[in-house]
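>>> When you get a sec, could you give me coordinates for this:
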Amino acid sequence: MATPLHRTLADELRSRIRSGAIGVGEMLPSEADLCREFATSRGPVRQALAALRDEGLIGGGQGRRPVVLDDVPAQPFESFLSFTRRAELTGHVPGQRLHEIALRTPDAGTSAALHLEPGDYAVQLIRLRLLDDRPAMLERMTFVEKVGRPLLEADLNAGSIYALLTEHGVDLHTARHTFDAVAADRLDAELLGVALGHPLLRERRLTWNGAGEVLEWSEDRYRPDVATVTITNTRSGRGAFTRE
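All right, here's what the predicted structure looks like:
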């Protein structure tokens with residue numbers, strides 16, 4: 001299936017921004033210029049620009065030329081998506097390197113988050129995630145044993161863990177994401193290629209199935225110069241301000 005033109009156009013503009021061909025603070029070509037360059041109508045051009053605005057790469061609008069705001073595309077969390085899928089949506093090539101995986105008794109805090117009994121086992125792993133071959137995020141994932149067991153025999157350098165679990169019938173229904181900042185520990189520094197104590201964006205995630213059973217408790221640490229996060233706020237029909 002051919003890639004839609006607006007995605008091709010967005011990918012090209014992202015590439016120019018990331019490479020510095022269009023620097024932060026500089027204006028993008030006008031809609032008319034982009035239409036001529038890509039031999040297309042304004043519809044695909046406007047869709048591509050809207051995607052870049054959603055990622056926080058550009059600003060402007062309502063007759064004003066788009067201006068580059070950042071050269072690091074943000075990763076959207078409006079829906080429950082894997083790192084792999086989020087990377088693809090923002091024009092990156094995702095990758096991964098498994099550091100370790102084990103079936104073990106987790107610490108007390110993790111056991112409590114997963115509603116485990118004393119002595120219960122869980123599957124725990126540490127995996128480095130890459131964006132365009134650059135270290136971007138270190139994930140520390142813990143799954144209840146019945147959910148995580150297929151991971152022990154799987155090639156976890158091949159792609160999305162969530163996609164693999166979904167193929168095994170796991171119902172990844174709801175996740176709660178909590179974000180804060182932490183200092184890089186020794187493992188973070190070694191695998192992410194940053195200095196000890198370097199500030200990292202931390203995401204802690206608790207995941208349930210449709211029946212309300214807890215499946216996963218994980219902690220991901222992002223290099224903020226490689227990956228950022230955007231959350232879109234919308235106003236509900238009742239006038240309440242909801243944070244997705």
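>>> list the contacts for the residue nearest the centre of the chain?
Centrality entry for the chain: nearest residue to the mean C-alpha point is Phe83, 4.1 Å, by Cα atoms, centre = their mean. If a contact means Cβ atoms under 8 Å, 6 or more residues apart in numbering, then Phe83 has Gln75, Pro94, Arg129, Met137, Glu139, Ser160, Asp220 as its contacts. The way it works is simple: take the backbone N, C-alpha and C, and place the C-beta from them, glycine included.
>>> now do Ala136
Ala136 neighbours (Cβ under 8 Å, 6+ apart): Arg129, Leu130, Leu192, Tyr222, Arg223, Val226, Ala227.
>>> Over to Arg186?
For Arg186, the contacting residues are Leu196, by Cβ under 8 Å, 6+ apart.
>>> what mean pLDDT does the helix ranked longest in the chain have?
Longest helix in the chain by number of residues, with DSSP state H as the criterion: helix 5-19. In this model, helix 5-19 carries a mean pLDDT of 87.
>>> That one: what's the following helix or strand?
helix 31-38 (DSSP states H and E).
>>> what comes up buried for that next one?
Buried positions in helix 31-38, judged by neighbour count with 16 or more other Cβ atoms under 10 Å: Leu34, Cys35, Phe38.
>>> tell me which of the residues you listed is nearest to Ile58?
Lowest distance from Ile58 to the buried residues of helix 31-38 (Cβ to Cβ) belongs to Leu34, with 12.3 Å.
>>> Quick one: residues contacting the closest one.
Leu9, Leu28, Thr40, Val45, Ala48.
>>> same thing with Glu37?
Counted by Cβ under 8 Å, 6+ apart, Glu37 has contacts Pro29.
>>> Report the helix or strand with the lowest average pLDDT across this protein.
The weakest-scoring helix or strand in the chain, judged by mean pLDDT, DSSP states H and E, is strand 241-243 (a mean of 33).
>>> nearest spatial neighbour of Phe38, skipping sequence neighbours?
Setting aside the residues directly before and after it, Phe38 is nearest to Leu9 in space (Cβ to Cβ, 6 or more residues apart in numbering), at 5.6 Å.
>>> which helices and strands does the helix or strand Thr110 falls within pack with?
Take DSSP H and E as the rule and Thr110 turns out to sit in helix 108-113. Counting contacts by 3 or more Cβ pairs under 8 Å, 6 or more residues apart in numbering; DSSP states H and E, helix 108-113 is packed against strand 214-222.
>>> switch to 10 Å and redo it
strand 122-131, strand 134-144, strand 214-222 (3 or more Cβ pairs under 10 Å, 6 or more residues apart in numbering; DSSP states H and E).
>>> Tabulate those strands in a markdown table, adding columns for distance to Val170 and mean pLDDT.
Output for the helices and strands packed on helix 108-113, formatted as a markdown table (distance: least, Cβ to Cβ, whole Å; pLDDT from 0 to 100):
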| stretch | distance to Val170 | mean pLDDT |
| --- | --- | --- |
| strand 122-131 | 12 | 95 |
| strand 134-144 | 9 | 95 |
| strand 214-222 | 7 | 94 |
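>>> Noted, bye for now.
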